[in-house]
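[1] Just need the structure, nothing else, for what follows:
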Amino acid sequence: MSKKIIVTAFLGLVLSTGAAFAKNPTVGGAAMFPNKNIIQNAVNSPINTTLVAAVKAAGLVETLSGPGPFTVLAPTNAAFDALPAGTVATLLKPENKATLVKILTCHVIAGNVMAKDVMAMVKADGGSHTVTTVGGCKVTFSTSGGKVYVTDEKGDKALVTTANVRQSNGVIHVINKVLLPKM
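    Next comes the predicted model:
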């Protein structure tokens, strides 16, 4: 076999492998693999460590490792840091598990909802589209300038900073704020 054929075959393999990974965005610089579930990928994201700790404290690891499909609106560490001082530490206490579960499940939508689907629903509904989350919260999607936003029940708006991170059991959209339910 000539060196030219070997090099061509190798480059073809590298390019096709790279193309497969290029289709799924990284999160915080970490590769996200579409053949892994939400939890398996999230634990590798350096910008979602607070979310992972909260999911563990809430006892939702098994659920979000399940078959789904789930659409997770995943707040970054910075989003959690923007909450009033002491909020995260308080929520992670065992006695606040019910509140933590409520908040986290307000970030989960049943189904596999990609950004293009959200944009189409927003357009069809005249500028916004409201969905009910697994936690019973109503969140409203809107778009502006090609970007997708999510507004929680309190009226706070989060930007989807990384969309369409495919998982074996759904999709993650990284957001820059924690969505809060009316309480």
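[2] From residue 101, how far out is the closest residue to residue 65 other than its chain neighbours?
    In this structure, residue 65 finds its nearest non-sequential neighbour in residue 39, 4.6 Å apart by Cβ to Cβ, 6 or more residues apart in numbering. Every C-beta, even on glycine, is put in place using the N, C-alpha and C of the backbone. For residue 39, the distance to residue 101 (Cβ to Cβ, to the nearest Å) stands at 16 Å.
[3] just to revisit the earlier point, who's in contact with the residue nearest to residue 65?
    By Cβ atoms under 8 Å, 6 or more residues apart in numbering, the residues touching residue 39 are 52, 55, 61, 64, 65.
[4] Okay, the second one and residue 164: tell me how far apart.
    The gap separating residue 55 from residue 164 is 21 Å, by Cβ to Cβ.
[5] mind checking how far the helix or strand where residue 139 lies is from the chain centre?
    Applying DSSP states H and E as the criterion places residue 139 in strand 138-144. The chain centroid and the centroid of strand 138-144 are separated by 15 Å under Cα atoms, centre = their mean, to the nearest Å.
[6] Return that strand as CSV; C-alpha atoms alone will do.
    This file holds the C-alpha atoms of strand 138-144, laid out as CSV (Å, rounded to 0.1, in the frame of the first residue of the first chain):
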residue,chain,number,x,y,z
LYS,A,138,-44.5,27.7,32.9
VAL,A,139,-41.5,29.0,31.0
THR,A,140,-41.9,31.2,27.9
PHE,A,141,-39.6,31.0,24.9
SER,A,142,-38.9,34.1,22.7
THR,A,143,-36.4,35.0,20.1
SER,A,144,-34.6,38.2,19.2
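[7] That one pairs with which strands?
    Paired with strand 138-144 in the same sheet, following DSSP bridges, are strand 128-132 (antiparallel), strand 147-151 (antiparallel).
[8] Sort out which residues of that strand are buried, please.
    Buried residues in strand 138-144, counted by 16 or more other Cβ atoms under 10 Å: 139, 140, 141, 142, 143.
[9] with those residues in mind, which one is nearest to residue 173?
    Distance to residue 173 across those (Cβ to Cβ) is lowest for residue 141, with 10.0 Å.
[10] how near is that closest one to residue 25?
    As for residue 141, its distance to residue 25 is 19 Å (criterion: Cβ to Cβ).
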